[in-house]
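K.L.:
generate coordinates for the sequence data below:
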Amino acid sequence: MLRMNFLKTIKVIILLSGTALLMSCSDDKQDVLMQEKVTAQDVKQDVGNAVDSAAAYTAQQKEEYINKVQAKLDDYDQKLDSMLTAAQSEMDEIQQKSDAQLTESIEELKNSKQKAAEQLDELKSASGKAWEDIKSGMDSAMVDLEKSFEEAGSNF
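P.N.:
Have a look, this model is predicted:
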């Protein structure tokens, strides 16, 4: 029985201590709330600060995005310049080859025409039977000349 009384006493002491502790916390909280009274002006200022912070954050995000896009556009400009340079180099090479082929074709035409003109001169000065022999050479020169013109024409 003595033991039961002892336990009851301890329970009461714990209960009283807890109640006292809660009351003291409650008073401290009330004191803090009374000391930090929030006014409408405080709320307006806090909201204004939040709006300013949000606006600054948005502006910062916009600026970062603009910089990112501009960097990509600059990169594409460099790539485009490289492509144009390569294309121009190829075009120059093609032009040089084309010019060389054109010059070669023109030279072949001139040579074929010259041979035909020489054959014609021989034909003009040839006598009776000789002109028959020269005629076959003339026919061959004219075939070569026509072939040269056809080949040259396919290149243009």
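K.L.:
make it CA atoms for all contacts and neighbour counts henceforth
P.N.:
OK.
K.L.:
count the residues that sit near residue 134.
P.N.:
For residue 134, the neighbour count with other CA atoms under 10 Å is 17.
K.L.:
err, residue 97, not the other one
P.N.:
By other CA under 10 Å, 12 other residues sit near residue 97.
K.L.:
same thing with residue 96?
P.N.:
For residue 96, the count of nearby residues is 12 (other CA under 10 Å).
K.L.:
again with residue 101
P.N.:
When counting by other CA under 10 Å, one arrives at 14 neighbours for residue 101.
K.L.:
now do it against residue 83, distance only.
P.N.:
Distance, residue 101 to residue 83, by CA to CA, to the nearest Å: 27 Å.
K.L.:
buried sites along stretch 98-115?
P.N.:
Neighbour-count burial for stretch 98-115 flags 105, 108-109, 112-113, 115 (criterion: 16 or more other CA atoms under 10 Å).
K.L.:
want to throw those into CSV with pLDDT, secondary structure and distance to residue 124?
P.N.:
CSV is the format used below for the buried residues of stretch 98-115 (pLDDT from 0 to 100; DSSP: H, G, I helix; E, B strand; the rest coil; distance: CA to CA, whole Å):
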residue, pLDDT, secondary structure, distance to residue 124
105, 83, helix, 28
108, 84, helix, 24
109, 85, helix, 22
112, 84, helix, 18
113, 88, helix, 16
115, 86, helix, 14
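K.L.:
which of these sits closest to residue 43?
P.N.:
residue 105 (90.9 Å; CA to CA).
K.L.:
mind listing what that closest one touches?
P.N.:
By CA atoms under 8 Å, 6 or more residues apart in numbering, the contact set of residue 105 is 148, 151-152.
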